[in-house]
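Undergrad: got a predicted model here, sequence first, then my questions.
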Amino acid sequence: MSELVALDGLGLLPQGPTLTLALSQGQSMCIVGPSASGKTRLLRCIQGKEKPGQGRADVLDRWVEASRDGVGRRSTPQNLARKWAEKRASDVSTALSAAGLWEARAVPIDELSESQRLACQMLQPLAGREPVLFVDGHFDQVDAWTRASLLAGLKDRVRAGAAAIVGTNRLELCSEFDVIVIMRECRPLF
């Protein structure tokens, strides 16, 4: 298995506990903790968007994150999935089904429920081919049925060779991941 993410003495604060670990193809990591514990900041440091207090993080291949980028008001879930799947029909249908959006695939984003709009933000990691996937808080905000479907879709991508890093405050999801990092006050506790 090829290493995709490497953390070497990574810490958010200039002093204190750090993380040293690697994620390879087919592995996943869950970052959990209460609000303002440093989950998002840790994800941003791993992505290289923010400088850590100590150590370093390297993402060794292309990555993608679930986000609002590229999600216009008039877009439909099908348009988005086609764009990110580069028109590969099987990836489009797989992503739309995993996001629970198959029945609403032709509905403009403006007409979808809040949970469906959040699921649309997951289409890029589900439909694309980037080997490293980042998801920050999306599993916290969608309904239980969509959460289960999105998690299954993410796990399918991981089984196919991607690595996933997910930030969440839903402790019941921890058992679904290979590596668990517990954050508190911007420090990794476990």
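TA: That came in fine, so what should we check first?

Undergrad: which strand runs longest in the protein?
TA: Taking DSSP state E as the criterion, the chain has its longest strand at strand 3-11.

Undergrad: roughly how far is it from the heart of the chain?
TA: The chain centre lies 17 Å from the centre of strand 3-11; the measure is CA atoms, centre = their mean, to the nearest Å.

Undergrad: what residues sit buried inside it?
TA: Within strand 3-11, the residues scored as buried using 16 or more other CB atoms under 10 Å are L4, V5, A6, L7, L10, G11. No exception for glycine: its C-beta is placed from N, CA and C like everyone else's.

Undergrad: hmm, which two among the residues you listed are most spread apart?
TA: Farthest apart among the buried residues of strand 3-11 by CB to CB are L4 and G11. That separation is 20.9 Å.

Undergrad: let me have the buried residues of strand 3-11 in JSON lines, extended by pLDDT and distance to V158.
TA: As requested, the buried residues of strand 3-11 are arranged in JSON lines below (pLDDT from 0 to 100; distance: CB to CB, whole Å):
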{"residue": "L4", "pLDDT": "97", "distance to V158": "11"}
{"residue": "V5", "pLDDT": "98", "distance to V158": "13"}
{"residue": "A6", "pLDDT": "97", "distance to V158": "18"}
{"residue": "L7", "pLDDT": "97", "distance to V158": "18"}
{"residue": "L10", "pLDDT": "97", "distance to V158": "21"}
{"residue": "G11", "pLDDT": "96", "distance to V158": "26"}
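
Undergrad: of all those, which comes closest to L189?
TA: For the buried residues of strand 3-11, the minimum distance to L189 (CB to CB) is 12.1 Å, reached by G11.

Undergrad: show me what contacts the closest one?
TA: P17, T18, L19, P52, G53, Q54, G55, R187, P188 (CB atoms under 8 Å, 6 or more residues apart in numbering).

Undergrad: from memory T94 sits against L126, does it?
TA: Yes - using CB atoms under 8 Å, T94 is in contact with L126, at 7.3 Å.

Undergrad: quick one, helices of this structure?
TA: All helices of the chain, identified by DSSP state H, fall at 39-47, 77-84, 89-98, 114-121, 123-127, 138-141, 144-159.

Undergrad: deepest-packed of these, please.
TA: Each of those was scored by mean neighbour count; the highest is helix 123-127, a mean of 26, by mean count of other CB atoms under 10 Å.

Undergrad: and stretch 130-143, how far from the chain's centre?
TA: 3 Å.

Undergrad: quick one: N79 from K87, how far?
TA: Here the criterion is CB to CB, to the nearest Å. By it, N79 lies 11 Å from K87.

Undergrad: give me every residue that touches the residue nearest the centre of the chain.
TA: What sits nearest the mean C-alpha location of the chain, by CA atoms, centre = their mean, is V135, with 1.9 Å. Contacts for V135 (CB under 8 Å, 6+ apart) come out as E65, A66, M122, P125, L154, A164, I165, V166, G167.

Undergrad: which of the residues you listed fall within strands?
TA: Reading strands off the contacts of V135 with DSSP E, I get E65, A164, I165, V166, G167.
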